[in-house]
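Peer 1: Just a sequence and a predicted model for now, questions to come.
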Amino acid sequence: MSAAKRGNPLIILLVEDNPADVRLTQEALREGKMAIDLLVAKDGRQAMDMLRRKPPFSEMPRPDIILLDLNMPKMDGREALAQIKRDPALKAIPVVVLTTSKAEEDILRSYNLHCNCYITKPVEFDQFMHIVRSIEDFWFSIVKLPPKPDPV
Amino acid sequence: MKISHKLTLIFLGLALGPLVLGSILTYIDARDAFIRQTRTRLDTVAALEEHGIEKLLQEYTEQAQQLANNPALLENLNWMLYLGDVEAAEKVAFMLEEVVAVSDELVALEIISPEGKVVASTRPERVGSMVEEKQKPLDEGMLHIDRLYRDQDRRLLIQFDEPLYYNLERPLGSLKLLMQADDLQALTDDYSGLGVTGEILLARRTPDHSSAELLAPTRFDPDATLNRTIHLTSSSPLMFAFDPDTIQNSDWTDYRGKRVLASTRLIRSAGWALVVKIDRDEALNEAKMLANGMMQIFILVSLCTLLVALAVSRSLTLPLIRLTQTAHRIASGETNLRVNIDSANEIGSLADSFNIMAQTLTEYGEELERRVQQRTEQLRKANTALRQEVRQRLRAARILSDERNRLRTLIENLPCGIVVKDRNSRYNLINRSQMHLLGLESTRQALGRTAMDLHPGEAAKVALEDDERVMSTGEPLINVERIQVNPGMHNHHTLITKAPLRNKDNEIVGLVGIIYDITERKQIEQRLIQTAEELQRSNAELEQFAYIASHDLQEPLRMMTSFIQLLQRRYHGKLDAEADEYITFAVDGAIRMQRLINDLLAYSRVGTRGGEFESVDCGQIVQAAMDNLHLAIEESQARIELDSLPTLLADPSQLTQLFQNLLANAIKFRGENTPEIRIEASESGGGWRFCVRDNGIGIALDARERIFQIFQRLHSREEYEGTGIGLALCQRIVLRHGGRIWVESEPGKGSAFFFTLPVNTV
């Protein structure tokens, strides 16, 4: 059952320290067809707090997918990825690493930490748009996501 | 002395010497044997004679004793003497008469009373007379036989006195017997076995013991009995007979004064001396005859020997004399003379040899003559050659001297140090350069001294060790770096070469050293190393900087690009035309900057982020590059031809980049033509030479170096897009692989980019 059919907006947690990138992502998603709730965490620690509904994020809904940047202050994306995939309650949530890094070691490491896919941010806006839409398409139309557990 | 005389003497000596010696020994031996034989004979005779005398005296004694022990006589005598019985006296007289009558030898019997009065006698006129003192028995009770005398009738009588006892205890006086001693006289006249001078003497001592009275006739004095007394001397055999202890001498002389051989006996029962003797001359007569015989033989042998010796020596020396004479004559020039000795013995051989020698001598003489001439000729030639040789030598010596001068000048003025040291590392030679290097003012200061003598210290110790190693092993030391200590100045770095110096017997007698002062070079080297290190560091820093810069530039650039594009997307046509144009310029600039940064990043990554070298198939690499460029290739309809390309050791992504850049350039700078590109590869100098050839616009000659520098562009941006990094990157990649890159081109007709890659072992 697709999220769109459910009538509820799809929830994406974007973990990104750069507000410009957040804005770009929002702009890209706005041009899409689906109703998407974009939640933003500005670093890894905040992302984990939100995912674990620590105050003040106790009302935080469980995201359908996480877009995770790697280079961030406080807790970087690598650590956040490791924690998510170690956490039995969280590890089912697909994590898409979205970063400017093309370094092979980053790519390999992320997959070793069980990220679900790794995407390099393109320089040009058109291409970025294309990618965001592709993510939207792929994860919310093509892929069957795991069922959400009932909120406690 | 002549050989013949010598030979004769030797012959005589050899023959007669042993003969004389043998004769003398034989004579002495024979003489002793004769003497011994004679003595034995004399002893035998003496023993027989002694026995005869003793036996005779024994017979006499027994007769007297028998008579003295007659019981009837003694009974009657006892009666007569002690009882005055006349009848008994008559009976006694009668018995005496009877005994005398029946006896051949008894002349008279008398009985003498103990008082010395004749009481009975066969001679009646003596009865009643007293016995003369000297005729008394000497000792009572003993038989005395030492009375020998002649009576009135010149009969030789021997008197015995026998004591008479009645019943063995009463003395009855003595019985006096007078017997003829003819038997005794007869005993000494048998001279058989005693030659012609042999004699037997029987004697008794005179009362004063100084002389002896002969008791029997001798050979030379038949009337000797009681007629002749002989004075006893120490050489008298009679003396020895009487008293053997007093005389040791056996060289005796008899009463006639002749030397005699003798055997003596003492007739014990009478105290007489018996001497059996023979003249020494007679005893040795046979020995003398033997000696005479031997002398005759000796003389005969001597004569024979002499004759033989003379003959032999003459037969030996005669040919020798002839040889000598011939030799003298040959010596004086008669070289054709020969000796003629027909003999088969050594002398003959000698003569033959002599003849052969003479012949050979003659031949040699001729040969010698010929050789002398030959030699004279040779000497003359040699002399000429020698003079020439001397001239040549003198010239050579001059050349050598010039050569030495040149060499000396050369050594003196060489810019490097030259030394020659002896076996004990003492300087024998030192040139000016080395003198300066050692800080000396004159080369003499170093001669005969060692490095240690000049500047003691660690450097000198090392130098001496080097010397010893070279001289003991014979291995040269080549271009070894050593410090040369020079007091008062800084230390010099030198490059030394030391080689052993050998004499003609190949013994090491020293060494030759060559010293280069490389202090300056060393300093330059040091600076060069420092510079290189600094360069490397700054290069690395630069690369790091370029990488980080380009990487960190990416992020803000991406923001700029993204939002300008967003702006263009959202507001295109909504603002005025000018605003649209500005936005277009900004997007274009951002995109170019993006490319520039990417290219710069790639350029800086060649050194710092290069991958491992691995075996790559260049065909596949080119194919990958063409795949990356497929849009451009399709668009330009470029034709690309490939040779068969090798497999070699390289960084595959960089190699891909290299080919991609070159192909991209070939397409980009195609001009009006459809690009025709050819990739060639050929082996060259231990590696491969690649060529990417196009038919494009070509490159001006003066730009062919410049195009490989970073940010160098030959065309305006309007003509050809580009960052000016592509070929610089190519060069960097080729350099990293150890090759080089260059271009050959004809403007308007095309370019050929060449690069080489060495074949690294897989």
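Peer 2: Right, received. Where do you want to start?

Peer 1: So which helix or strand of chain A has the lowest pLDDT on average?
Peer 2: Least confident helix or strand, chain A: helix A:3-6 with a mean of 44, by mean pLDDT, DSSP states H and E.

Peer 1: who in chain A is up against chain B?
Peer 2: By C-beta under 8 Å from any C-beta of the partner chain, the residues of chain A that approach chain B are A:18, A:20-21, A:24, A:27, A:100, A:121, A:123-126, A:128. All C-beta atoms are positioned from the backbone trio N, CA, C, and that covers glycine.

Peer 1: and which of these is nearest to residue B:455?
Peer 2: Of all these, the one with the least separation from residue B:455 (C-beta to C-beta) is residue A:100, at 69.4 Å.

Peer 1: what's the closest one in contact with, if anything?
Peer 2: Listed by C-beta atoms under 8 Å, 6 or more residues apart in numbering or on different chains, the contact set of residue A:100 reads A:71, A:120-121, B:554-555, B:558.

Peer 1: Let me see the backbone angles for it.
Peer 2: phi -80, psi -20 (degrees, to the nearest 10).

Peer 1: and residue B:683, that's in a strand?
Peer 2: Yes. If the criterion is DSSP: H, G, I helix; E, B strand; the rest coil, then residue B:683 is within a strand.

Peer 1: Could you count how many residues lie near residue B:547?
Peer 2: The number of residues packed near residue B:547 is 18, by other C-beta atoms under 10 Å in any protein chain shown.

Peer 1: now swap in residue B:619 and tell me
Peer 2: 16.

Peer 1: That one and residue B:644 touch, don't they?
Peer 2: Yes. Taking contacts as C-beta atoms under 8 Å, residue B:619 lies within contact range of residue B:644: 7.2 Å.

Peer 1: and the gap between the residue in chain A that chain B sits nearest to and residue A:98?
Peer 2: Chain A approaches chain B most closely through residue A:125 (3.5 Å), counting by C-beta to the nearest C-beta. Here residue A:125 is placed at a distance of 15 Å from residue A:98 (C-beta to C-beta, to the nearest Å).

Peer 1: So between those two, which is more surrounded?
Peer 2: residue A:98 (25 against 22).

Peer 1: Tell me where the model's unsure across chain A.
Peer 2: Residue ranges of chain A with pLDDT under 70: A:1-7, A:150-152.

Peer 1: Could I get the full set of strands for it?
Peer 2: A:10-15, A:36-41, A:65-68, A:95-99, A:117-120 (DSSP state E).

Peer 1: Single out the most deeply packed of the ones you listed.
Peer 2: Ranked by mean neighbour count, the strands of chain A are led by strand A:65-68 with a mean of 26 (mean count of other C-beta atoms under 10 Å in any protein chain shown).

Peer 1: which helices and strands does that strand pack with?
Peer 2: On a contact count with 3 or more C-beta pairs under 8 Å, 6 or more residues apart in numbering or on different chains; DSSP states H and E, strand A:65-68 meets strand A:10-15, helix A:44-51, helix A:77-86, strand A:95-99.

Peer 1: still on that earlier bit, could I get the strands of chain A as JSON lines with distance to residue B:364?
Peer 2: Listed next are these as JSON lines, based on distance: least, C-beta to C-beta, whole Å:
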{"stretch": "strand A:10-15", "distance to residue B:364": "133"}
{"stretch": "strand A:36-41", "distance to residue B:364": "137"}
{"stretch": "strand A:65-68", "distance to residue B:364": "130"}
{"stretch": "strand A:95-99", "distance to residue B:364": "124"}
{"stretch": "strand A:117-120", "distance to residue B:364": "122"}
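
Peer 1: Quick check: phi and psi on the closest residue to residue B:224 other than its chain neighbours?
Peer 2: What sits nearest to residue B:224 in space, not counting adjacent residues and going by C-beta to C-beta, 6 or more residues apart in numbering or on different chains, is residue B:214, at 4.3 Å. Phi and psi for residue B:214, reported as degrees, to the nearest 10, are phi -70, psi 140.

Peer 1: How many residues are close by residue B:214?
Peer 2: Taking other C-beta under 10 Å as the neighbour definition, residue B:214 ends up with a count of 23.

Peer 1: what does the one 4 residues further on give?
Peer 2: A total of 24 residues lie near residue B:218 under the criterion other C-beta under 10 Å.

Peer 1: Need the per-residue pLDDT for it.
Peer 2: pLDDT for residue B:218: 84.

Peer 1: what does the one 4 residues further on give?
Peer 2: Reading off the per-residue confidence, residue B:222 sits at a pLDDT of 80.

Peer 1: Can you tell me the SS state at it?
Peer 2: Using three-state DSSP, the structure places residue B:222 in coil.

Peer 1: count of residues packed around it?
Peer 2: 11.

Peer 1: same deal with residue B:152?
Peer 2: Counted with other C-beta under 10 Å, residue B:152 comes out at 5.

Peer 1: Need the phi and psi values for it.
Peer 2: phi -60, psi -30.

Peer 1: okay, now residue B:506: neighbour count?
Peer 2: Residue B:506 - counted by other C-beta under 10 Å - has 7 other residues nearby.

Peer 1: which residues touch it?
Peer 2: Taking C-beta under 8 Å, 6+ apart as the definition, residue B:506 has no contacts.

Peer 1: measure it to residue B:722 for me?
Peer 2: Applying C-beta to C-beta to residue B:506 and residue B:722 gives a distance of 75 Å.

Peer 1: the bottom helix or strand of chain B by mean pLDDT?
Peer 2: strand B:144-150 (a mean of 69).

Peer 1: Mind checking what helix or strand follows that one in sequence?
Peer 2: Going down the chain from strand B:144-150, the next helix or strand is strand B:156-166, by DSSP states H and E.

Peer 1: Which residues belonging to whichever helix or strand comes after that next one are considered buried?
Peer 2: Sequence order places strand B:170-180 as the next helix or strand after strand B:156-166, per DSSP H and E. Within strand B:170-180, the residues that qualify as buried are B:172-180, counting by 16 or more other C-beta atoms under 10 Å in any protein chain shown.

Peer 1: Need the three-state assignment for the one residue in the stretch 451-600 of chain B that gets nearest to chain A.
Peer 2: Per C-beta to the nearest C-beta, residue B:565 is where the stretch 451-600 of chain B lies closest to chain A, at 3.5 Å. With three-state DSSP as the basis, residue B:565 sits in helix.

Peer 1: Flag every residue of chain B that's near chain A.
Peer 2: Residues of chain B lying near chain A (C-beta under 8 Å from any C-beta): B:554-555, B:557-559, B:561-563, B:565-566, B:569, B:591, B:594.

Peer 1: again, only this time at 6 Å
Peer 2: Within chain B, the positions near chain A by C-beta under 6 Å from any C-beta of the partner chain are B:555, B:558-559, B:561-562, B:565-566, B:594.

Peer 1: Please produce TSV containing those residues, extended by secondary structure.
Peer 2: Below are the residues of chain B next to chain A laid out as TSV (three-state DSSP):
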residue	secondary structure
B:555	helix
B:558	helix
B:559	helix
B:561	helix
B:562	helix
B:565	helix
B:566	helix
B:594	helix
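
Peer 1: right, and the residue of chain A closest to chain B touches residue B:562 too?
Peer 2: Yes. Applying C-beta atoms under 6 Å, one finds residue A:125 in contact with residue B:562, separated by 4.4 Å.

Peer 1: Can you give me the end-to-end span of stretch B:217-237?
Peer 2: Start and end residues of stretch B:217-237 are separated by 17 Å (C-alpha to C-alpha, to the nearest Å).
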